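Undergrad: Okay, here's the prediction I keep looking at, along with the sequence it came from:
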Amino acid sequence: MDLTTTYLGLNLKNPIVPSASPMSKSVGSVRLMEDYGASAVVLYSIFEEQIRHETKELHHHLTQHADSFAEATSYFPEAHEYHSGPDEYLEHIRKLKESVSIPVIGSINGVTDGGWVEYAKLIEQAGADALELNVYYIPTDTALSSDAIEQSYFDIVKDVRTQVKIPVAVKLSPFFTSIPNVAKRLDTMGVNGLVLFNRFYQPDINLDTLHVEPGVVLSSSDALRLPLRWIAILHKKVKADLAATTGVHTAEDVLKLTMAGANVTMMCSALLRHGARKIREVLTGVQQWMVEHEYSSLNDMRGSMSHASVADPSSFERANYMKALQSYM
C-alpha cells in the first residue's frame, strides 16, 4: 500500500505525525516513535515565558491583571520554575537531526511580536525542517474585538514569514467566527500548512480547596468530528496543507480525516495513553482497510468525502444539525 503524503513541502512515508507533546522531549523517545512508523515529529512547544522570565516585559504580561484576576495568575509557574531556555531547545533540535531521519518540526508559543520572530529564526538556524506557530491566546478583555484578535494572528504570520525560509504552519483555534475566512487570509499570506485545531485545556474548580485548577483531559475519537468538518470544508478552498489534530486514535480516524482532505493526521493523546507502539497498530489497520476496500494509495481517497466532493454538501452544514436532532425523535 502506498501511504505516502506531503506536508509543508516534505515528502512523508505516511500521514502519522506525533504532535507537540512531552513525548518529543528526549531523543530516545523520538527515535522510538520513528521506529514504530512516525513519518515526522512536531516538537514540544518552546514558550517565550520560559526564556524571558527575568524580564520586565514578562512581569507585565503575568501581573497586569493580578488585582482583578488573582486566581488566574496561578496558572503560570513561578519564575524560577521556567528552566528550559532556547539553548536547550535548539541543542535538542541539533541532536535530533543527527539521530533520526524523519523531519523535525519546531513549535513556538510566543507572547510578544519580537519573540515570535527571534525564536523562529533560531529554530531555523538549528536545523528544523519546518516550524509550527502554536498560537494559544484566550481573550478576556471585553474591549478587545474579534477583528483585533484575528489581526494578531496575521501580524505574527507576516513577521515570521518574512524572516524565515523554512515552511511555516499555523495551529488555529476553532473559535473564530469565520474559520474559512481566517484560513484563506493566512493562505494568501504564504502559510504552508494549517493545523486544526489547537485544543485549549479547560480549567476546573476544586471544591475542597476552592481553587481554579488547570488540568489535562486526553481526547477520544469523538473529538475528531470538529477537525473533520472543517478540513472537509477547507479542502480545495486553500492551497495550504491541512493537518488534523485532536481525536486521532484509530486507523478509522486516520481514514476518515484523509477522506475529508487531511494531508497528515497528528497523534498525541493516543501516544500518551498507549506509547509509541500505537503508531504501528494504527498504520497496520489503515493498510488492512485499504486492502479490503481495494485502495492502492491514500492519494486515491484524499478529499473523496470533502465538502466539495460529496453528493450532499449540506451534511457538513446546518442541515446536518437538523438531521442529528431528528434522529432522536
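TA: Perfect, thanks for sending it.
Undergrad: T4: neighbour count?
TA: By other CB atoms under 10 Å, the residues close to T4 number 14. For every residue, glycine as well, the C-beta is placed using N, CA and C.
Undergrad: cool, K97 as well?
TA: K97 - counted by other CB under 10 Å - has 15 other residues nearby.
Undergrad: Hmm, Q125 and it touching each other?
TA: No: look at K97 against Q125 with CB atoms under 8 Å: they stay out of range, at 11.9 Å.
Undergrad: So what touches the host helix or strand of H92?
TA: Using DSSP states H and E, H92 sits within helix 86-99. Residues from elsewhere that reach helix 86-99 (CB atoms under 8 Å, 6 or more residues apart in numbering): 25, 27, 30-31, 41, 43, 46, 51, 104, 106, 119, 122-123, 125-128.
Undergrad: Give me the subset of those residues lying in helices.
TA: The members of the contacts of helix 86-99 that map onto helices under DSSP state H are V27, V30, R31, I51, Y119, L122, I123, Q125, A126.
Undergrad: who wins for most neighbours among the residues you listed?
TA: Going by other CB under 10 Å, I123 tops these with 26 neighbours.
Undergrad: burial measure for the closest residue to it other than its chain neighbours, as a count.
TA: Closest residue in space to I123, ignoring its immediate chain neighbours: G106 at 3.8 Å, by CB to CB, 6 or more residues apart in numbering. G106 has 28 neighbouring residues, counting by other CB under 10 Å.
Undergrad: quick one: G106 from T245, how far?
TA: 16 Å (CB to CB, to the nearest Å).
Undergrad: same deal with I105?
TA: Taken as CB to CB, the span from I105 to T245 is 12 Å.
Undergrad: cool, and E281?
TA: 19 Å.
Undergrad: How about D222?
TA: 15 Å.
Undergrad: Looking at those two, which is more packed in?
TA: T245 (27 against 9).
Undergrad: tell me the contacts of that one?
TA: S19, K171, V195, L196, F197, R199, P227, T265, M266, C268.
Undergrad: Touching, the first one and C268? I think so.
TA: Yes: in this structure S19 lies within contact range of C268 using CB under 8 Å: 4.6 Å.
Undergrad: Between these two, which is the more surrounded one?
TA: S19 (29 against 22).
Undergrad: Once you drop chain neighbours, what's closest to the more buried one?
TA: In space, S19 is closest to M266, 3.8 Å off (CB to CB, 6+ apart).
Undergrad: Could I get the pLDDT score of the one you found?
TA: Here the pLDDT value assigned to M266 is 98.
Undergrad: what about it, helix or strand, and which?
TA: Residue-wise, M266 maps onto strand 264-267 under DSSP H and E.
Undergrad: who does the helix or strand that that strand is followed by touch, helix- and strand-wise?
TA: For strand 264-267, the following helix or strand on the C-terminal side (DSSP H and E) is helix 269-274. Helices and strands touching helix 269-274, as assessed by 3 or more CB pairs under 8 Å, 6 or more residues apart in numbering; DSSP states H and E, comprise helix 277-292.
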